[in-house]
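Student: everything below, folded, please.
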Amino acid sequence: MTRLALDHLTIVDSTPVELAQAAAANDCEGICLFMQSMDALPFMPSFNLIQDTAARRFLKRQMDDLGLTLELAYPFTLSGRTDVASFIPALECAAELKAQLLNVLIYDRDPIWRREKFAHFCELANSFNLRVALEFYPASQVRSLTDSLEIVLEIDQPGKVGVNVDLLHLMRSGAAITDVANAPHGSVLFGQFADGPIVRPHTEWEFEASSDRLLAGEGDFDFSRFACALPLDCPVSVEIPSNKVLRSGLDQGERARVAINSVRNALAGDALPQPS
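Tutor: The predicted structure follows:
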C-alpha cells in the first residue's frame, strides 16, 4: 500500500481545507472528500465545492501546496429516482480536483435498473477521465462484496471500474477477508480501515457506519490480514467516524492524529496510541 488517505468522516466537522491540513500534518498522501455537505451528517459544516468554484480552486491550490491528492470523491448515490446526467456538475468538480476515484453507493431496488444506471454513470465518468469505485454496504441495495463484483465485472473495465472495500462493511456483510484476496485482478481499487466488534445488532449498523466506529486495536478486526488481502499498492484510507470522540473535546488535529496512528500501529503490530 503506497498511499494513505484521511477520510472526511473521521473529522466530519472539518471544512475541506481543514481536512487537507489535518491529512498533511499527519503525513497522509491524500484525502477522501465530500464535495458538498450532507444533511445526514449534522456535524459537517456547510460548504458546496460543486457550486462554489472559487472555494474549489482554493482547495486545489492548498492540496497542491501540501502535496495531497483527492483519492476518493463523495457523494455519488444512485437511487430509483436518480437522473445520472444530474451528476455532471459534480463530475466537473471532481475532475478539476483530479479525483483518483469516485465513490458510488446504490440504493435502486430494481436489479436491472441499478445495473443500467451504474453502467450509464461509469460511461459518463469515463467521459471526464474519472475512475469509479462501487462501495458495497449492507444497508444499501449492493450489500456485499459478491454483489458489487457482479456489477463491476459486467462493466469489464478492470482498473477503471472496481470495488471500494470498507473493512467494516466487509465484516458486517458476513464475508471473509480471504474473499478480498480472491477477487478478480483489477476489481478491488480501494480499501478503508476501521475497527469494530465482531458482532453488533443489525439495527445499529447504519449508526455505526456513519458515527460509531472504533480505533484500530479497539475492536476485533484483523487489520494485517485485510491489508495483505488488498492488491499490491492499493490506496487505503482511515475512515473512523465517532460522535463520542467528537464530543470529547479533542480538536480536529488530535482526533485525526489518533485515528491515523491507530491504523499505522495496528498494521505494524504495535499498541493502540492514546490521546495526549
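
Student: switch to C-alpha atoms for all contacts and neighbour counts from now on
Tutor: OK.

Student: give the contact list for the closest residue to residue 192 other than its chain neighbours.
Tutor: In space, and not counting its chain neighbours, residue 192 is closest to residue 166: 4.4 Å by C-alpha to C-alpha, 6 or more residues apart in numbering. Contact partners of residue 166, counting by C-alpha atoms under 8 Å, 6 or more residues apart in numbering, are 135, 191, 192, 193, 194.

Student: neighbours of the last one, how many?
Tutor: Using other C-alpha atoms under 10 Å, the number of residues around residue 194 comes to 27.

Student: would you format the contacts of residue 166 as CSV with distance to residue 55, pLDDT and secondary structure included?
Tutor: As requested, the contacts of residue 166 are exported to CSV (distance: C-alpha to C-alpha, whole Å; pLDDT from 0 to 100; DSSP: H, G, I helix; E, B strand; the rest coil):
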residue, distance to residue 55, pLDDT, secondary structure
135, 28, 98, strand
191, 28, 97, strand
192, 27, 98, strand
193, 29, 97, strand
194, 30, 97, coil
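
Student: now, the most widely separated pair of the residues you listed?
Tutor: Using C-alpha to C-alpha, these reach their maximum pairwise distance at 135 and 194, which is 14.9 Å.

Student: leaving out the residues flanking it, which one is nearest to residue 34?
Tutor: Using C-alpha to C-alpha, 6+ apart, the nearest residue to residue 34 is residue 74, at 4.6 Å.

Student: wait, a strand at the one you found?
Tutor: Yes - membership of residue 74 in a strand is supported by DSSP: H, G, I helix; E, B strand; the rest coil.

Student: and it, how far from residue 90?
Tutor: 9 Å (C-alpha to C-alpha, to the nearest Å).

Student: please enumerate the shared neighbours of those two.
Tutor: residue 35.

Student: picking that back up, hmm, residue 33 and the residue nearest to residue 34 touching each other?
Tutor: Yes - using C-alpha atoms under 8 Å, residue 74 is in contact with residue 33, at 5.9 Å.

Student: who's more crowded, these two?
Tutor: In this view residue 74 and residue 33 are compared by other C-alpha under 10 Å, and residue 33 has more residues nearby, 25 against 20.

Student: and the helix or strand hosting that one, what does it pack onto?
Tutor: Assigned by DSSP states H and E, residue 33 falls within strand 30-34. On a contact count with 3 or more C-alpha pairs under 8 Å, 6 or more residues apart in numbering; DSSP states H and E, strand 30-34 meets strand 4-7, helix 16-25, strand 69-78.

Student: what's the most buried one of those?
Tutor: strand 4-7 (a mean of 28; mean count of other C-alpha atoms under 10 Å).

Student: show me what that strand is packed up against.
Tutor: Short answer (3+ C-alpha pairs under 8 Å, 6+ apart): strand 4-7 packs on helix 16-25, strand 30-34, strand 236-238.

Student: please redo it, this time with the cut-off set to 6 Å
Tutor: strand 30-34, strand 236-238 (3 or more C-alpha pairs under 6 Å, 6 or more residues apart in numbering; DSSP states H and E).

Student: any chance of those in JSON lines, plus distance to residue 156 and mean pLDDT?
Tutor: Shown next, in JSON lines, are the helices and strands packed on strand 4-7 (distance: least, C-alpha to C-alpha, whole Å; pLDDT from 0 to 100):
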{"stretch": "strand 30-34", "distance to residue 156": "25", "mean pLDDT": "98"}
{"stretch": "strand 236-238", "distance to residue 156": "23", "mean pLDDT": "98"}
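
Student: just send the ones you listed back as TSV, with distance to residue 121 too.
Tutor: Listed next are the helices and strands packed on strand 4-7 as TSV, based on distance: least, C-alpha to C-alpha, whole Å:
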stretch	distance to residue 121
strand 30-34	18
strand 236-238	23
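
Student: what's the closest of the ones you listed to residue 200?
Tutor: Among these, strand 236-238 comes nearest to residue 200, with 20.8 Å by C-alpha to C-alpha.

Student: sheet partners, orientation included, of that closest one?
Tutor: When pairs are called by DSSP bridges, strand 236-238 turns out to pair with strand 4-7 (parallel), strand 188-193 (parallel).
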